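> Here is a sequence together with a model predicted from it:
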Amino acid sequence: MSTIIRRGLVALPLVLIGWIAVMAVVMRVSDAAPGAVVPFPSASVMQSLPRDTAILGMNRVALTVSNRPGMAKELYAAGAWLVLPAGLTGCLPLTEEQRRRME
């Protein structure tokens, strides 16, 4: 195997882990995301959710909830091992239509 391929195979997982870590930190310190995703939610997480949690989607792989101030902290307190932002538009600013949908 060439050196370039080996370096790529080492770098790719590190970049992925770094990206996930950055997204988790963004979710923890900011309420900018319109939603929150909990990967692989356990039954105890589901039972421990705050009563006023708005569930947007749920399956065996992920639980998506509407975000509000302090939601990441509440999800971690409920037993989530990772909380990621959902619904972010990326680096581009929101359009007027997207802003209206968020209200």
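Cool, got the structure.
> going on from the lengthiest helix in the chain, what's the next piece of helix or strand?
Assignment by DSSP state H gives helix 3-29 as the longest helix of the chain. Proceeding N to C from helix 3-29, the next assigned helix or strand is strand 35-39, under DSSP states H and E.
> Just want the most central residue of the chain.
In the chain, the centroid-proximal residue (CA atoms, centre = their mean) is residue 84; its distance is 1.5 Å.
> picking up where we left off before, compute the inter-axis angle for the longest helix of the chain and strand 35-39.
Angle, helix 3-29 to strand 35-39, by axes from the mean of the first three to the mean of the last three CA atoms, to 10 degrees: 120 degrees.
> distance between helix 3-29 and the chain's centre?
15 Å (CA atoms, centre = their mean, to the nearest Å).
> Ok, stretch 2-20 next?
Using CA atoms, centre = their mean, the offset of stretch 2-20 from its chain centre is 22 Å.
> Dihedrals phi and psi, the residue nearest to the centre of the chain?
For residue 84, the backbone dihedrals are phi -120, psi 150 (criterion: degrees, to the nearest 10).
> re the thing from before, counting by contacts, list what the longest helix of the chain packs against.
For helix 3-29, the elements it packs on are helix 71-77, strand 84-86, judged by 3 or more CB pairs under 8 Å, 6 or more residues apart in numbering; DSSP states H and E. To be clear about C-beta, it is placed using only N, CA and C from the backbone, and glycine gets the same treatment.
> any idea which of the ones you listed is most buried?
Each of the helices and strands packed on helix 3-29 was scored by mean neighbour count; the highest is strand 84-86, a mean of 20, by mean count of other CB atoms under 10 Å.
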